[in-house]
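> Based on what follows, work out the 3D shape:
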Amino acid sequence: MQRHPQLGHNLLKDGKSPYIVMGAEVALTHHERYDGSGYPAGLAAEQIPLSGRIVCLADVFDALISKRPYKDAWHVDEAFANLREESGKMFDPEIVEAFCSAKDEVLEIVERLAD
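Modelled structure (predicted):
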């Protein structure tokens, strides 16, 4: 499991498109934590590229509200509460604030994707 960031990065890093190159950056950094306790490099705060900090939050939010074979989906209010609890630990506080301030728009997207 902890090898997939590096594997994804290796697959994408030589892409010709800036979007593919950014995808490599995201793949490598989306499991880093704002407090430095993540992986694979233990980066902290602004050492983590903005793209990785954003996708980290989006990835966790999606995982929380999605039903999985090993867990039920969380209610979106519980998921938003978890993001706030992890602000400054797992997530960049500014990104948490921006995401939570767009709650209505996020809920519209969640509902649209559920249809």
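
> Verify the stated contact: Leu43 with Leu28.
No: applying Cβ atoms under 8 Å, one finds Leu43 not in contact with Leu28, separated by 9.6 Å. C-beta: built from backbone N, CA, C; applies to glycine.

> the helices in the protein, which residues?
All helices of the chain, identified by DSSP state H, fall at 4-12, 18-29, 50-65, 76-85, 93-101, 103-114.

> can you tell me which residues contact the spatially closest residue to Ser87 that is not a sequence neighbour?
Nearest residue to Ser87, sequence neighbours excluded (Cβ to Cβ, 6 or more residues apart in numbering): Val96, at 4.2 Å. Counting by Cβ atoms under 8 Å, 6 or more residues apart in numbering, Val96 makes contact with 57, 83-84, 86-87.

> ok, back up a step: between the helices of the chain, which gets nearest to Asp35?
In terms of Cβ to Cβ, the element of the helices of the chain nearest to Asp35 is helix 93-101, at 11.0 Å.

> how far is that closest one from where the chain is centred?
Distance of helix 93-101 from its chain centroid, counting by Cα atoms, centre = their mean, to the nearest Å, is 12 Å.

> What average pLDDT does that helix get?
For helix 93-101, mean pLDDT is 98.

> Next, the angle from it to helix 76-85.
Relative orientation of helix 93-101 and helix 76-85, computed by axes from the mean of the first three to the mean of the last three Cα atoms, to 10 degrees: 160 degrees.

> buried set for stretch 38-49?
With burial defined by 16 or more other Cβ atoms under 10 Å, the residues of stretch 38-49 counted as buried are 38, 43, 48-49.

> From one end of that stretch to the other, what's the distance?
14 Å (Cα to Cα, to the nearest Å).

> Now for Asn10, how many residues are close by?
By other Cβ atoms under 10 Å, 12 other residues sit near Asn10.

> what's the distance between it and Ala114?
Look at Asn10 and Ala114: by Cβ to Cβ, to the nearest Å, they are 34 Å apart.

> Same question for Ala81.
Distance from Ala81 to Ala114, counting by Cβ to Cβ: 20 Å.
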